[in-house]
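S.K.: below are the sequence and a predicted model for it; my questions follow.
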Amino acid sequence: MAIVLPFFINRVPAGFPSPAADYAKEDIDLPKELIKNPLSTFLVRADGESMIGAGINSGAILIVDRSLTAKNGSIVVACISGEFTIKRLVRISGKWYLQPENNAFPSVLISGKDDAIIWGVVTSAVNQFI
Amino acid sequence: MIGLIDCNNFYVSCERVFRPDLNGVPVVVLSNNDGCVISRSNEAKALGIKMGLPYYQLLELPFGKEVKVFSSNYTLYGSLSNRVHSILRRYVPTVEDYSIDESFLDFSSIEHYITDLFQLGIEIRKAILKEVGIPVCVGIAPTKALAKAANKYAKKETKEGVYLCKEDTQTVLKWTEIGDVWGIGRQYENALLKLNITNAWQFAQLPEKYVLQKMTVVGHRLWKELNGISCIEMELETPDKKNMVVSRSIPRSLTKYEDVENAVFKHIDTLAMKLRRQKQCTSSISVFVHTNRFRTQDKQYYNSFKVPLLKASNNTTTLIRVAKVGLQKIFKPGFNYKKCGVMAFDLCPENVLQGSLFSVAENDKSNTAMHVMDEINKRYGYKVTRIAAHGFLHKAHMLINHISPCYTTELDDILTIKI
């Protein structure tokens, strides 16, 4: 019968063993924290000022999760008559609006006539300063 | 029970995920080099655009200009295909990824817990459509061949896009034309049609003895599958491939040796890179060239030559030297070359050659260079660095005039939304 001997690749230090070894943990993995469902997550880039109030600068990279269901107050990637936009979805007295977060831009009422779809829910924005 | 998930008009659907303005519009995707139509939206199908229609013929049609055209973007399609395949594994542990847009699911391990497979099909379909944005159809049946047929039936005849075929296989089989049966080739189709067998049901009703006599083992297996006896196993891991081919049509015909050589070396570069990625080596290289057989006015020529290697390798420079020997044997001046390619035979694992732990391959500077090159290309883009031998002027360069951005794999290509 063959005898299998374990072979350790790790260097075995001759000195005092590290007291930290038993407490070792992985460093924080930011993408993993920000992206809960990678299979349904897409990155998009915002171009414009209409969502400044929500912390989305022009040029920000947005993390969009398609698996989430948009709720009242969600920031969404919507598509109206074939055109993408990013706004906050709000319900006011029974009607749904796509609301900007910048007074210089108008709210858009989603009417039954529009060919409107919610493409995904924005979960975070990455604004880069350099 | 076996499920078959098939993405609808997959390449077109991939483009539409990021271009919702293309919904309801005729869209087609072209093959490599923008040659011919390989994926069609339903609107394009309704216009009568056939699979394989050459692009220039599409442009000549009266409505040709209204059709939205894309070059194939395999980086994008591969990325979305991976997402679809991965979502399926959430529902069933045993999944066979049959092709870029099709997967077989083996429900046998979960059938005890799931009472309603039809409902599960609906759920899977909904998840893929919502999360990735790709519409799929689901066929569920006792065998793979029946699942294939059930899937087609689901696509054409149901509004849910899901069809569960249990005891009643008659409906689907009678609906399935004999030529559409999985694995029935043109020859069998013609032979069976002569016998007045026009649909899958009639084929399945043939006496087993007759099928055994008249058809091959494969035909008999198919007959059993259609009769609900499962005999085509799930292939859960792609078996190690023994051969590999890289070849492309050349957009303009080439006549000069240098131009053909450039194209061949470029294919070798791709081949060697693929081998290294799979940690495999090849023991021989075959080079082939041919003219365009559709241009009957041209003189025709086809030839190939196989060169064995002394020691199996995946080093681009080594393989280029070998390919050159092969090409010089077969190249003849005076022809318009339309296609060339290279093949690798008898692939073997890289580590078998390199020995183990103690025989480090560091003495092989060239192999190290290859790995550095692969790393650079991985980080900075496909073929940023390459072997000078395949030249810088590419007459054989691919035509990709209508390619979409790589929305999911390149940060510079992500969808930009005006807000």
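M.R.: Cool, got the structure. Numbers count the residues shown, from 1 in each chain, chains lettered A, B, ... in the order given.
S.K.: near chain B, which residues of chain A? Just list them.
M.R.: The interface of chain A toward chain B, taken as CB under 8 Å from any CB of the partner chain, is made up of A:37, A:39-40, A:42-51, A:56, A:61, A:66-67, A:77, A:79, A:82-87, A:100, A:117, A:119. All C-beta spots, glycine's among them, are computed from the backbone N, C-alpha and C.
S.K.: for B:S103, give the beta-bridge partners.
M.R.: B:I5, B:D97 (DSSP bridges).
S.K.: that one: neighbouring residues, count only.
M.R.: For B:S103, the neighbour count with other CB atoms under 10 Å in any protein chain shown is 23.
S.K.: pretty sure B:F10 is one of the things it touches, is it not?
M.R.: No - the criterion here is CB atoms under 8 Å, and B:S103 misses it with B:F10 at 11.8 Å.
S.K.: thinking again about what came up before, narrow the residues of chain A next to chain B to just the buried residues.
M.R.: By neighbour count, with 16 or more other CB atoms under 10 Å in any protein chain shown, those hold A:39-40, A:42-46, A:48-51, A:56, A:61, A:66-67, A:77, A:79, A:84-87, A:100, A:119 as buried.
S.K.: ok, back up a step: the residues of chain A next to chain B in strands, which ones?
M.R.: Taking DSSP state E, the ones among the residues of chain A next to chain B that sit in strands are A:42-47, A:61, A:77, A:79, A:83-87, A:117, A:119.
S.K.: list the contacts of the residue lying closest to A:V77 once chain neighbours are set aside.
M.R.: Setting aside the residues directly before and after it, A:V77 is nearest to A:W119 in space (CB to CB, 6 or more residues apart in numbering or on different chains), at 4.3 Å. Taking CB atoms under 8 Å, 6 or more residues apart in numbering or on different chains, we find A:W119 in contact with A:V64, A:R66, A:V76, A:V77, A:A78, A:C79, A:F84, B:P20, B:G133.
S.K.: enumerate the residues of the stretch 51-200 of chain B near chain A.
M.R.: Contact residues (CB under 8 Å from any CB) of the stretch 51-200 of chain B with chain A: B:R83, B:S86, B:I87, B:A127, B:K130, B:E131, B:V132, B:G133.
S.K.: go again with 7 Å.
M.R.: Applying CB under 7 Å from any CB of the partner chain, one finds that the stretch 51-200 of chain B approaches chain A through B:R83, B:S86, B:I87, B:K130, B:E131, B:V132, B:G133.
S.K.: and B:R83, what element?
M.R.: B:R83 is part of helix B:74-91 when elements are defined by DSSP states H and E.
S.K.: just B:M234 next, same as before
M.R.: Using DSSP H and E, B:M234 sits within no helix or strand.
S.K.: surely it and B:D106 touch.
M.R.: Yes - counting by CB atoms under 7 Å, B:M234 touches B:D106, with 5.1 Å between them.
S.K.: which neighbours do the two share?
M.R.: Both B:M234 and B:D106 are in contact with B:T94, where contact means CB atoms under 7 Å, 6 or more residues apart in numbering or on different chains.
S.K.: pLDDT weak spots in the stretch 101-250 of chain B?
M.R.: The model of the stretch 101-250 of chain B has pLDDT under 70 over residues B:237-241.
S.K.: repeat that for 80
M.R.: Scanning the stretch 101-250 of chain B with the threshold set as pLDDT under 80 gives B:236-242, B:249-250.
S.K.: for the closest residue to chain A within it, which non-adjacent residue is closest in space?
M.R.: Residue nearest to chain A within the stretch 101-250 of chain B: B:E131 (3.5 Å; CB to the nearest CB). With sequence-adjacent residues excluded and distances taken as CB to CB, 6+ apart, B:E131 is closest to A:S40, at 3.5 Å.
S.K.: quick one: residues contacting the one you found.
M.R.: With contact set as CB under 7 Å, 6+ apart, A:S40 has these partners: A:D65, A:R66, A:S67, B:E131, B:V132.
S.K.: could you rerun that using 8 Å?
M.R.: Taking CB under 8 Å, 6+ apart as the test, what A:S40 contacts is A:D65, A:R66, A:S67, A:G120, B:R83, B:K130, B:E131, B:V132.
S.K.: could you report the pLDDT at the first one?
M.R.: We have a pLDDT of 98 for A:D65.
S.K.: could you check how far it is from B:K274?
M.R.: From A:D65 across to B:K274, the span is 33 Å (CB to CB, to the nearest Å).
S.K.: settle it for me: which of these two has more neighbours?
M.R.: A:D65 (20 against 14).
S.K.: which members of the contacts of A:S40 occur in helices, if any?
M.R.: When DSSP state H defines the helices, the subset of these inside them is B:R83, B:K130, B:E131.
S.K.: save those residues as a markdown table, and put in neighbour count and distance to B:G334 too.
M.R.: Formatted as a markdown table, the ones in helices among the contacts of A:S40 follow (neighbours: other CB atoms under 10 Å in any protein chain shown; distance: CB to CB, whole Å):
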| residue | neighbour count | distance to B:G334 |
| --- | --- | --- |
| B:R83 | 19 | 50 |
| B:K130 | 14 | 58 |
| B:E131 | 21 | 56 |
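S.K.: what parts of the stretch 301-419 of chain B come near chain A?
M.R.: B:Y407, B:T408, B:L411, B:I414, B:L415, B:T416, B:I417, B:K418, B:I419.
S.K.: residue contacts, the closest residue to the first one other than its chain neighbours?
M.R.: Nearest non-adjacent residue to B:Y407, counting by CB to CB, 6+ apart: B:F18, 5.0 Å away. The neighbourhood of B:F18, defined by CB under 8 Å, 6+ apart, consists of B:S404, B:P405, B:Y407, B:L415.
S.K.: from B:I320, how far out is B:Q278?
M.R.: Distance from B:Q278 to B:I320, by CB to CB: 19 Å.
S.K.: so these two - more neighbours on which side?
M.R.: B:I320 (20 against 15).
S.K.: does that one really touch B:I268, like I thought?
M.R.: Yes - the pair B:I320 and B:I268 qualifies as a contact (CB under 8 Å) at a distance of 5.2 Å.
S.K.: could you dump stretch B:326-345 to PDB, C-alpha only?
M.R.: These are the backbone C-alpha positions of stretch B:326-345, laid out as PDB (Å, rounded to 0.1, in the frame of the first residue of the first chain):
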ATOM      1  CA  GLY B 326       3.600  23.800 -44.300                       C
ATOM      2  CA  LEU B 327       2.500  26.900 -46.200                       C
ATOM      3  CA  GLN B 328       5.500  26.900 -48.500                       C
ATOM      4  CA  LYS B 329       4.700  23.300 -49.500                       C
ATOM      5  CA  ILE B 330       1.200  24.100 -50.600                       C
ATOM      6  CA  PHE B 331       1.200  27.800 -51.800                       C
ATOM      7  CA  LYS B 332       0.900  28.200 -55.500                       C
ATOM      8  CA  PRO B 333       0.900  31.500 -57.300                       C
ATOM      9  CA  GLY B 334      -1.800  32.500 -59.700                       C
ATOM     10  CA  PHE B 335      -4.800  31.800 -57.500                       C
ATOM     11  CA  ASN B 336      -7.300  34.100 -55.700                       C
ATOM     12  CA  TYR B 337      -7.200  32.700 -52.200                       C
ATOM     13  CA  LYS B 338     -10.400  33.200 -50.200                       C
ATOM     14  CA  LYS B 339      -9.800  31.200 -47.100                       C
ATOM     15  CA  CYS B 340      -6.900  29.900 -45.100                       C
ATOM     16  CA  GLY B 341      -6.500  28.200 -41.800                       C
ATOM     17  CA  VAL B 342      -4.500  26.300 -39.300                       C
ATOM     18  CA  MET B 343      -5.300  23.100 -37.300                       C
ATOM     19  CA  ALA B 344      -3.600  21.600 -34.300                       C
ATOM     20  CA  PHE B 345      -3.700  17.900 -33.700                       C
END
